[in-house]
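# Sequence first, predicted coordinates after that:
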Amino acid sequence: MILEFDVGNSRIKWRQVDERQGSVMREGHVSAVNQLIAMHDSHCEPTMVRMCSVRAGDVNDRIRQWTGDTWGLEIQVAKVVRSCGGVSNQYADLNKLGVDRWLAMLAAYARATDFCVIVDAGTAVTVDVVDDRGSHLGGYILPGLKLMSLSLQTNTQIKLSDETPEYFLALGHSTDAAVRNGTLMALTSLIERVVQPISAQSAQARLFFCGGDAELLANNTNVADIEVIPGLVLDGLAIACPYLPEDLE
């Protein structure tokens, strides 16, 4: 069994994968390392542990120490490289591209083998474009839905209610609705604007969503070929850090 971790800005996603078939056995997400450890007791026997992380410092160190002390395994940590899995990276400085974006691109291109747009809708929203030859054409980074609303509350006189937010594309008839619907309209409009010229170039172009707000954005984006894949980043982790046992027998 392979243990996989995706350490994001606000939560840690994990899953257990069958090393022979690649099928997901268990998966979930937690907000803290202590919760992650509690989900995997000492009777769990992974053959490999691999991880991607957009955080630095203590969180990563604690996960490394835990896996080493518990199973004697060194974590394989994904890194951004110039080329992997048929995808080429055009960033001048590889360190400036987030590893979660990179892995999502690897997984998306492996599925599409053609033009694809990848939207990771988390605390921040990233939109990346990969062409039919696997070249990363670039992308956008902007605040996610909640972060947009928070920025207005922090920097203006706007105060939003504490009720569970509902998002629609309709014009708002209250300040709450105007802010939340405006954030949704902004993000979906950007995505549609990115996809439109790509769809004109290739009828096979595909749009992939992942991240916590993936379903919400996907359901409100007016594009034909949409696929929501919650584990897209972890799928890319398997490409960047493949399981290569000496003997599968």
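Sure, I can see it.

# buried sites along stretch 197-217?
Counting neighbours by 16 or more other C-beta atoms under 10 Å, one finds that the buried residues in stretch 197-217 are 198-199, 205-214, 216-217. Bear in mind the C-beta positions are built from the backbone N, C-alpha and C, glycine included.

# now it, how far from the centre of its chain.
Here the centre of mass of C-alpha atoms in stretch 197-217, compared against the chain's by C-alpha atoms, centre = their mean, to the nearest Å, lies 14 Å away.

# and of the buried residues of stretch 197-217, the nearest to residue 137?
residue 198 (9.0 Å; C-beta to C-beta).

# tell me the domain ranges of the chain?
Following automatic domain parsing, one finds the domains of the chain at 2-77, 114-231.

# Next, the distance between the ends of the shortest one.
End-to-end distance of domain 2-77 (C-alpha to C-alpha, to the nearest Å): 13 Å.

# same question, the last one
Start and end residues of domain 114-231 are separated by 20 Å (C-alpha to C-alpha).

# ditto for stretch 195-214
Taking C-alpha to C-alpha, the first and last residues of stretch 195-214 lie 16 Å apart.

# and it, how far out from the chain's middle?
Using C-alpha atoms, centre = their mean, the mean C-alpha position of stretch 195-214 is found 15 Å from that of the whole chain.

# closest one to residue 87 among the domains of the chain?
For these, distance to residue 87 was read as C-beta to C-beta. The smallest value, 4.6 Å, belongs to domain 114-231.

# tell me what the least confident helix or strand in the chain by mean pLDDT is packed against?
Ranking every helix and strand in the chain by mean pLDDT, DSSP states H and E puts helix 33-39 at the bottom, with a mean of 90. Where contact means 3 or more C-beta pairs under 8 Å, 6 or more residues apart in numbering; DSSP states H and E, helix 33-39 is packed against strand 12-17, strand 24-30, helix 58-71.
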